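> 3D model of this:
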Amino acid sequence: MRKATGILCANTPTLKLIPRQFRKKAELLSELAVHLPAQIRTRKPHTGPQRVLWAGRILPWKGLALFLRALTDVQKSIELDVIVMGEGRDKPLCERFARKLGLRVRFTGWLTNAERDREFELADAFVFTSLHDTSGMVVAEAMAAGLPVILLDCSCICELLGGTCVAVPSRSVRQAERGLAAAIERLANDPLGRIAIGAMARAHATKEFSWERRIECALKLYSIHAAQWPFAHIGKNPATSVPPSRL
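Residues are numbered from 1 along each chain as shown. Just a heads-up that it's a prediction; the model follows:
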């Protein structure tokens, strides 16, 4: 860090871990970049079950059990079609837990890209319950598909979403469960609002999470720091080094 001209961090919590004497060198550079579908299905209000989607590795810190407990409150008033995409060592445990809670949940395992995109297209809302993650690529994918996203406010990705998603307070487990349930119910009972949030999410993803945007941001930072690199110290003969202006 002492020799670096810059330190790139994927999120603010990581930046705060940089030793204070080097923190002025640190800058944020999001790692989120996703394929943006050229066209997405026009979402319209419907009267059938609300299709709620969760995706990720099924591990303790991904918060799937938290999501399942929240659904026990929702299913009392809303008809749900719940899909869980992903694999992980806690999958059998979560399958048993869902049955114990009386939930109807379809565990799909890992899907092909085409199958995953189809699930995004048919869903009404996406829920992201990771307790800690560098970013959350699947959130960007859901937004690119025009899905409204519900997530915990402790997630590092919140700062990258431009206020286009529903962030649930998570100071305690029970608060998070109630917040998730309330958010799912609110979107289910307000189809036009749900569709509007999904449209804003799509617009934000198109602007901020495209590969072109990610390359643009990276090259801008690299060009700034390249001018500060000590080229004169490369090689034994400083006089033969290539000056930055020639690169």
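
> can you list the weak-confidence ranges in this protein?
Within the chain, the ranges that satisfy pLDDT under 70 run 229-247.

> strands along the protein, start to end?
Counting by DSSP state E, the chain has strands at residues 7-9, 26-28, 50-55, 80-85, 105-109, 125-128, 149-152, 166-168.

> export those strands as CSV, with columns for distance to L71 and mean neighbour count.
Just so you know, the C-beta spots here come from the backbone N, C-alpha and C atoms, and that holds for glycine as well. Formatted as CSV, the strands of the chain follow (distance: least, Cβ to Cβ, whole Å; neighbours: other Cβ atoms under 10 Å):
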stretch, distance to L71, mean neighbour count
strand 7-9, 35, 18
strand 26-28, 34, 16
strand 50-55, 8, 23
strand 80-85, 6, 19
strand 105-109, 8, 15
strand 125-128, 9, 26
strand 149-152, 12, 25
strand 166-168, 14, 22
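
> let's have those strands in JSON lines, adding distance to T134.
Shown next, in JSON lines, are the strands of the chain (distance: least, Cβ to Cβ, whole Å):
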{"stretch": "strand 7-9", "distance to T134": "10"}
{"stretch": "strand 26-28", "distance to T134": "12"}
{"stretch": "strand 50-55", "distance to T134": "16"}
{"stretch": "strand 80-85", "distance to T134": "20"}
{"stretch": "strand 105-109", "distance to T134": "24"}
{"stretch": "strand 125-128", "distance to T134": "13"}
{"stretch": "strand 149-152", "distance to T134": "14"}
{"stretch": "strand 166-168", "distance to T134": "18"}
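
> can you tell me which of those comes nearest to K207?
Among the strands of the chain, strand 149-152 comes nearest to K207, with 15.8 Å by Cβ to Cβ.

> hmm, who's touching the closest one?
The contact list for strand 149-152, computed with Cβ atoms under 8 Å, 6 or more residues apart in numbering, reads 63, 125-131, 136, 139, 142-143, 157-158, 161, 164-168, 170, 176, 180, 183-184, 187, 201.

> partners of it, with directions?
When pairing is defined by DSSP bridges, strand 149-152 lines up against strand 125-128 (parallel), strand 166-168 (parallel).

> of the ones you listed, which is nearest C94?
Comparison of the strands paired with strand 149-152 against C94 by Cβ to Cβ identifies strand 125-128 as nearest, at 13.9 Å.

> which of the contacts of strand 149-152 are buried?
By neighbour count, with 16 or more other Cβ atoms under 10 Å, these hold 63, 125-130, 136, 139, 142-143, 157-158, 161, 164-168, 170, 176, 180, 183-184, 187, 201 as buried.

> give me the subset of those residues lying in helices.
Residues from those lying in helices, with DSSP state H as the criterion: V139, A142, M143, A176, L180, A183, I184, L187, A201.

> residues contacting the closest residue in space to the fifth one that isn't next to it in sequence?
Leaving out its chain neighbours, the residue that sits closest to L180 by Cβ to Cβ, 6 or more residues apart in numbering is A70, at 3.8 Å. The neighbours of A70, taking Cβ under 8 Å, 6+ apart as the test, are A176, E177, R178, L180, A181, I184.

> got JSON lines for those, with distance to R116 too?
Below are the contacts of A70 laid out as JSON lines (distance: Cβ to Cβ, whole Å):
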{"residue": "A176", "distance to R116": "26"}
{"residue": "E177", "distance to R116": "27"}
{"residue": "R178", "distance to R116": "30"}
{"residue": "L180", "distance to R116": "22"}
{"residue": "A181", "distance to R116": "26"}
{"residue": "I184", "distance to R116": "21"}
